[in-house]
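Engineer: compute the structure for the input listed below.
(2 chains)
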Amino acid sequence: DAGVTQSPTHLIKTRGQQVTLRCSPKSGHDTVSWYQQALGQGPQFIFQYYEEEERQRGNFPDRFSGHQFPNYSSELNVNALLLGDSALYLCASSLEIGENYNEQFFGPGTRLTVL
Amino acid sequence: AQSVTQLDSQVPVFEEAPVELRCNYSSSVSVYLFWYVQYPNQGLQLLLKYLSGSTLVKGINGFEAEFNKSQTSFHLRKPSVHISDTAEYFCAVSDRINFNKFYFGSGTKLNVKP
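Structural biologist: Have a look, this model is predicted:
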């Protein structure tokens, strides 16, 4: 059973560029959440997708947007990149209902470096 | 909104010694509590979780945590650590309405020395 997968593993961009990160949830999971983990800090909630819609959002600007596809996979898009966007971006999947509905499984992350 | 405080940014300990990593949370509603471990260049792995019931929760790799509602704490303990436990540990909280929106602490780096 494949867990949560993310691509790419690493990414280097320059200020002002746009980036797209991808996530495939754990098999059977229908909810995808994205987190930003800056160096030396804990992950911060960006937003969550369920049934192809953004359901919850953290304190991130509109430059951060996302999408969920019918197969539950998800993309995170960041526009007009800033140096401060450099971080590890984590995707987590979970179930809306079921025995373990309150447990999130995390992917290995995408390391984004903005120069 | 919820918040989590991990009081120790780094904890050095010798192999086979006991360890406690501290976590305090703030919330106006009932919460779920979690501990995750992160090894270098990897994602987060769930160690244990408290949902309800017994306040003493046992997890993987010999870790356990105790939920203390009066002190709003959820400290992580292990009676005897191994070199392989060297990693960063994150405490997280969610509430029973937005249960998939996690608030994380800033992490505690556990450094196990031989």
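
Engineer: run through the strands of the chain in chain order.
Structural biologist: Here I'm looking at chain A. Assigned by DSSP state E, the strands in chain A fall at A:5-7, A:10-13, A:19-24, A:31-37, A:44-50, A:53-57, A:64-68, A:74-78, A:87-94, A:105-106, A:110-114.

Engineer: that was the other one, I meant chain B.
Structural biologist: B:3-5, B:10-14, B:19-21, B:24-26, B:31-38, B:44-50, B:56-58, B:64-68, B:73-78, B:87-95, B:103-104, B:108-113.

Engineer: out of the ones you listed, flag the one nearest residue A:24.
Structural biologist: strand B:44-50 (16.8 Å; CB to CB). (Each C-beta comes from the backbone N, C-alpha and C, glycine too.)

Engineer: any chance of the strands of chain B in CSV, with mean pLDDT too?
Structural biologist: Below are these laid out as CSV (pLDDT from 0 to 100):
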stretch, mean pLDDT
strand B:3-5, 94
strand B:10-14, 97
strand B:19-21, 98
strand B:24-26, 95
strand B:31-38, 93
strand B:44-50, 93
strand B:56-58, 95
strand B:64-68, 96
strand B:73-78, 97
strand B:87-95, 94
strand B:103-104, 94
strand B:108-113, 97
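
Engineer: okay if I get those strands as a markdown table plus mean neighbour count and distance to residue A:60?
Structural biologist: Below are the strands of chain B laid out as a markdown table (neighbours: other CB atoms under 10 Å in any protein chain shown; distance: least, CB to CB, whole Å):
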| stretch | mean neighbour count | distance to residue A:60 |
| --- | --- | --- |
| strand B:3-5 | 16 | 17 |
| strand B:10-14 | 13 | 28 |
| strand B:19-21 | 19 | 28 |
| strand B:24-26 | 16 | 21 |
| strand B:31-38 | 23 | 21 |
| strand B:44-50 | 20 | 19 |
| strand B:56-58 | 14 | 31 |
| strand B:64-68 | 18 | 30 |
| strand B:73-78 | 21 | 26 |
| strand B:87-95 | 23 | 18 |
| strand B:103-104 | 22 | 14 |
| strand B:108-113 | 17 | 25 |
